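Trainee: take this sequence and fold it.
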Amino acid sequence: MKIYNWIDFFLSKKEYRKRFLSLILILYWIWQILWQILAYTQLIHLKDYQSLFSYANQLNLYTGSVLFRILLTCISHKSFTFDIFLKITLWDYIILFLTILYSLSFKSKNAYICIKLYISTFFVSIISVIVAYLQQSLNGVIFVLKGMGIACSILCILLFLFLLACLIETINAYRKEIDVHNM
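Mentor: Predicted structure coming up:
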């Protein structure tokens, strides 16, 4: 019964529910960004043919990220097909929907900034993969992928730091609301 009361207490007010949803979304996006930081920083270390194919063999390790599942599908089909929508899980669709709904409902500036940074990372990745396809030599492909790794790593690290700041801000606001309620 204590657990039920505790859950009821944390979700009893609109502000509490908003903070709880915000916490879930922030934690999910931090999880996504951590996978992407790992994958993009590995791209920076590409040197030659062997390191490129070693990285290609490790790509399945990064399927925790929605963005990398989409990129892997595009790379394997060598085109943008509707198969990418099959690689996105129901949980990912729900979180994407909740993120968009959250940013529109609460007019959250933080959510808009996160969405813009994430979309920037997505477009840099897609454009880099397209440019890499058009390269005539393997050295050109490695150069483009290294550039993508650097640019997307910087964007993802910025997004991670911003999300971490949002997480701390949300937890502090949640804690202040609970402290006021307990007085």
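Trainee: make it CA atoms for all contacts and neighbour counts henceforth
Mentor: Fine.
Trainee: hmm, which helix or strand of this protein has the shakiest average pLDDT?
Mentor: Across the helices and strands of the chain, mean pLDDT, DSSP states H and E gives its lowest value to helix 2-10, namely a mean of 63.
Trainee: show me how far the helix or strand just after that one is from its chain's centre.
Mentor: Reading on from helix 2-10 to the C-terminus, the next helix or strand found by DSSP states H and E is helix 14-44. Distance of helix 14-44 from its chain centroid, counting by Cα atoms, centre = their mean, to the nearest Å, is 6 Å.
Trainee: now the strands: where do they sit in the chain?
Mentor: Counting by DSSP state E, the chain forms no strands at all.
Trainee: how about low-confidence regions in it?
Mentor: For the chain, applying pLDDT under 70 flags the ranges 1-14, 74-84, 106-108, 178-183.
Trainee: give me the longest helix you can find in it.
Mentor: helix 138-182 (DSSP state H).
Trainee: report the contact partners of I37.
Mentor: Neighbouring residues of I37 by Cα atoms under 8 Å, 6 or more residues apart in numbering: C152, S153, C156, I157.
Trainee: could you rerun that using 6 Å?
Mentor: S153 (Cα atoms under 6 Å, 6 or more residues apart in numbering).
Trainee: and what of Y40?
Mentor: G149, S153.
Trainee: roughly how far does it sit from R19?
Mentor: According to Cα to Cα, to the nearest Å, Y40 stands 31 Å off from R19.
Trainee: next, count neighbours for V141.
Mentor: 20 (other Cα atoms under 10 Å).
Trainee: kindly report the same for G147.
Mentor: Neighbourhood size, G147 [other Cα under 10 Å]: 18.
Trainee: next, give phi and psi for D48.
Mentor: Phi and psi for D48, reported as degrees, to the nearest 10, are phi -150, psi -170.
Trainee: distance of it from N60?
Mentor: 20 Å.
Trainee: just K18 next, same as before
Mentor: Using Cα to Cα, K18 is found at 35 Å from N60.
Trainee: which one's more surrounded, these two?
Mentor: Per other Cα under 10 Å, whichever of K18 and N60 has more neighbours is K18, with 15 against 12.
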